[in-house]
Structures are given as C-alpha cells and as structure tokens.
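> starting from these lines, generate the structure:
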Amino acid sequence: MTQKLQGKVALVVGGASGIGRAIAECFHAEGATVALADFNLEACRQVADHLGARVTTHGVDVSDEEAVKVMVGDVVKSHRTIDVLVNCAGILDETPLLEMSTETFDRMIGINLRGVFLVSRQVAPHMAERRRGRIINISSQLALKGGVGLAHYCSAKAGVLGLTKAMAHELAPFGVLTNAIAPGPILTPMLEGLSPQWIADKEAELPLGRFGKAEEVAPTALMLAASPDGDLYVGQTLGPNSGDVM
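Alright, predicted model coming up:
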C-alpha cells in the first residue's frame, strides 16, 4: 500500500508534544521525512528517538525572527526542500481580561500568531519557487466563539484564521495551498494552563460529551497535506471540535 506522504519533507513546528507530535507521528508513519522544531529541543529529540529514521530536530523560539530564519535555513540545508509546513507551536494560559497585563497579551500573540507569520514567511518562498507545497496552520475553535479568561488566546487564534485566508489568496497561484485546523478542546499538556473548573465547564458544553485526543486531529492534517486528498482545499478552516462549533 502506498504511503500518502512518501518522499515528502514535512516541517512540524511545535512538534515536541500534543497535537504537533501527533501530526509528526502520523506524517512519519505515512512515509514523510520529518523535521521537528520546538522551543523544547530535548523533547524534540525524545520524539525523534521514538520515531527512528527520517527525522531531524531543531530548536527554535518562533517569536524570534532571527531564530526562525536560522531554523528554516537548517531544515532546507538538511533536506533540500520543505513540502509541508505545520504551524503548531503555541502556549495557553487562563487570565481574566481585567487582570491581563500587556506583557501577557504580547507573549501570547508573539508565539501563537507572530510565530505563524515568521515561519510561513521563511518557508513560503521555497515552496513558491518550486510551485508546490502545503501550509497547515493550527488555530482553535475559540477563535470562532471566544472563551472566558482567554481574550489573548482567542485573539491570537482568530488572527491565525485571517492570516491563513490571506496567505491562501497570495500563495495559491504558486501551487501552495494554505489551510487551517481549528480543533476543539484536546487532551494535551496545554490544558495545564487552564483551571479544573474551566475544563469541567467546557466538557459539559460539548455535544460529544468529551475532549478530543491529539491523534484524532492528526488525520485532518494528513488529509490536507496529501494528494489528491487535499488538492481542492484552499483557505479553509476544518474543525475537529467535538461539536463545540457547528
């Protein structure tokens, strides 16, 4: 049976844990060579050890323009190309708006939105030159509906959706397809930034009655990355969200 990403190189940013790791594992199982990038380089290396061959690891702070430039350069040097980019680096904490500092807001925007822009800006020219590529940005269903104590997170993730649509318009003529995934609440280490009460209240709202698992999101990314599966998706937002947004 042919693997869907055989011969492809996928850069998964935020690939050391959670949804990013699940996507990296899924892509690797489908034949891709995977470049794992994350602020936590040691965790990247542990994932690489688990996966085995066809994996490289790269430390990066996605909010740092120069660090992003160096990271993408290293990936291209190692693999000569990047066929698929997944922007999944992110942070999450719960802070009421009336108590939120400018520094807290800026840090969230810096990693969850600015990082998507910085990485995409470095990778897109390589894809556009070869006139093919896939960019998958991980947003959140909270970008569409908001959430208590999460004004900074919702703002960043809504920005990711707007950025995705703009990128889709500009890059599609070069054969580069940009889309977003807006998962619902997923059982990942990021939930540690939320209170038990927030989590319990959210779970009670979900029509499916449960949070998702990271491995339940990864197949959506695979579909967008593969051909012909994702060939007609441009500027779309797909929502594996337990029915939180319909």
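> stretch 175-184: which residues count as buried?
By neighbour count on 16 or more other Cβ atoms under 10 Å, the buried set for stretch 175-184 is 176-184. In short, each C-beta sits where N, CA and C put it, glycine included.
> now do stretch 213-233
The neighbour-count check on stretch 213-233 (16+ other Cβ under 10 Å) flags 214, 216-218, 220-226, 230, 233 as buried.
> strands of this structure, start to end?
9-13, 33-38, 55-59, 84-87, 133-138, 176-181, 186-187, 212-213, 237-238 (DSSP state E).
> ok, the fourth one: who's next to it in the sheet?
Strand pairing for strand 84-87, determined by DSSP bridges: strand 9-13 (parallel), strand 133-138 (parallel).
> CA atoms only: put that strand into PDB for me.
Taking C-alpha atoms only, strand 84-87 is exported to PDB below (Å, rounded to 0.1, in the frame of the first residue of the first chain):
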ATOM      1  CA  VAL A  84       4.600  20.500   4.000                       C
ATOM      2  CA  LEU A  85       4.700  23.100   6.900                       C
ATOM      3  CA  VAL A  86       2.600  22.600  10.000                       C
ATOM      4  CA  ASN A  87       2.500  25.600  12.300                       C
END
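> how far off centre is it?
Offset of strand 84-87 from its chain centre (Cα atoms, centre = their mean, to the nearest Å): 7 Å.
> neighbouring contacts of that strand?
For strand 84-87, contacts defined as Cβ atoms under 8 Å, 6 or more residues apart in numbering pick out 5, 8-15, 20, 23-24, 27, 32, 115-116, 119-120, 123, 127, 133-138, 160, 221, 225.
> please apply the same query to stretch 91-102.
104, 107-108, 111-112, 148-153, 190-191, 193-195, 198.
> quick revisit: between the buried residues of stretch 175-184, which sits nearest Cys88?
Nearest to Cys88 out of the buried residues of stretch 175-184 is Ile181 (Cβ to Cβ; 9.0 Å).
> helices or strands next to the longest helix anywhere in the chain in the packing?
Determined from DSSP state H, the single longest helix within the chain is helix 151-171. Judged by 3 or more Cβ pairs under 8 Å, 6 or more residues apart in numbering; DSSP states H and E, the packing partners of helix 151-171 are helix 102-109, helix 115-130, strand 133-138, helix 142-145, strand 176-181.
> pull out the buried positions in the fourth one.
Judged by neighbour count (16+ other Cβ under 10 Å), helix 142-145 contains these buried residues: 142-144.
> so where's this protein uncertain?
Within the chain, the ranges that satisfy pLDDT under 70 run 1.
> most remote residue from it's center?
Distance from the C-alpha centroid of the chain, by Cα atoms, centre = their mean, peaks at Leu98 (29.0 Å).
> how near is that one to Val148?
12 Å (Cβ to Cβ, to the nearest Å).
> contact partners for the residue positioned nearest the centre of the chain?
Geometric centre of the chain, nearest residue: Cys88, 2.2 Å, by Cα atoms, centre = their mean. Listed by Cβ under 8 Å, 6+ apart, the contact partners of Cys88 are 12-15, 18-20, 23, 138.
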